[in-house]
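A.B. asks: How does the following fold in three dimensions:
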Amino acid sequence: MKKILLGLGITTSLLLANNFTLKSNDIKGQLAAKQEFNGFGCSGENISPQLSWENAPKETKSFAITVYDPDAPTGSGWWHWVAFDIPKEKMSIPAGFGNSDSKDAIQSVTNYGKTGFGGACPPKGDKAHRYIFTVFALDTDSLQLDKNTNPAIVGYYLNSHAIEKASLISYYGR
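C.D. replies: Next up, the predicted model:
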């Protein structure tokens, strides 16, 4: 019986040790003015947060990052950031990555109608919105899409090529 329990414990430890995980030094349970959009009625700094991930599946060929607000009063949520074709060797991005023209990713159009990071901007007085930061481990080097591709189409390709994904959720209200 002890051998069985020991074997189960080792197996469980090995399984848990390989969890694909997304982390950030910049975002916690609540977003800050740094991650608030500047425009559309908001006056934040609109700086994308630092993100890092670990334990990606071995078969990963590239990564993608999205930020989605399912609470936006649109009936379909709001895409705040869509970045893809991130090289498999890149396991982190610095703060401000979504505000640059990095050669390490294609950043496509968001629901703000612009490319790159678009920070939180919930309506004043609305409940705090959820902002879901997700990194996708993909089975392809490139999605063969460009910066003008609408976020729903990018999402379709991401889900078609996802091996695994990891998410962080933060909240923001005004």
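
A.B. asks: Every contact and neighbour count from this point should use C-alpha atoms.
C.D. replies: Will do.

A.B. asks: After the helix or strand bottoming out on mean pLDDT in the chain, which helix or strand is next?
C.D. replies: Ranked by mean pLDDT, DSSP states H and E, the helix or strand of the chain with the weakest confidence is helix 2-17, at a mean of 44. Heading C-terminal from helix 2-17, the first helix or strand you meet, by DSSP states H and E, is strand 21-23.

A.B. asks: Return the list of strands paired to that next one, each annotated with direction.
C.D. replies: strand 51-54 (antiparallel) (DSSP bridges).

A.B. asks: Mind listing what's buried along the strand it pairs with?
C.D. replies: Buried residues in strand 51-54, counted by 16 or more other Cα atoms under 10 Å: 51-53.

A.B. asks: residues making contact with it?
C.D. replies: 19-26, 91-95, 135 (Cα atoms under 8 Å, 6 or more residues apart in numbering).

A.B. asks: of the buried residues of strand 51-54, closest to residue 147?
C.D. replies: residue 51 (21.0 Å; Cα to Cα).

A.B. asks: May I have the beta-bridge partners of that closest one?
C.D. replies: For residue 51, the beta-bridge partners are residue 93 (DSSP bridges).

A.B. asks: And for residue 62?
C.D. replies: Bridge pairing for residue 62 (DSSP bridges) gives the partners residue 87, residue 138.

A.B. asks: and the gap between it and residue 161?
C.D. replies: According to Cα to Cα, to the nearest Å, residue 62 stands 10 Å off from residue 161.

A.B. asks: Then residue 100?
C.D. replies: 25 Å.
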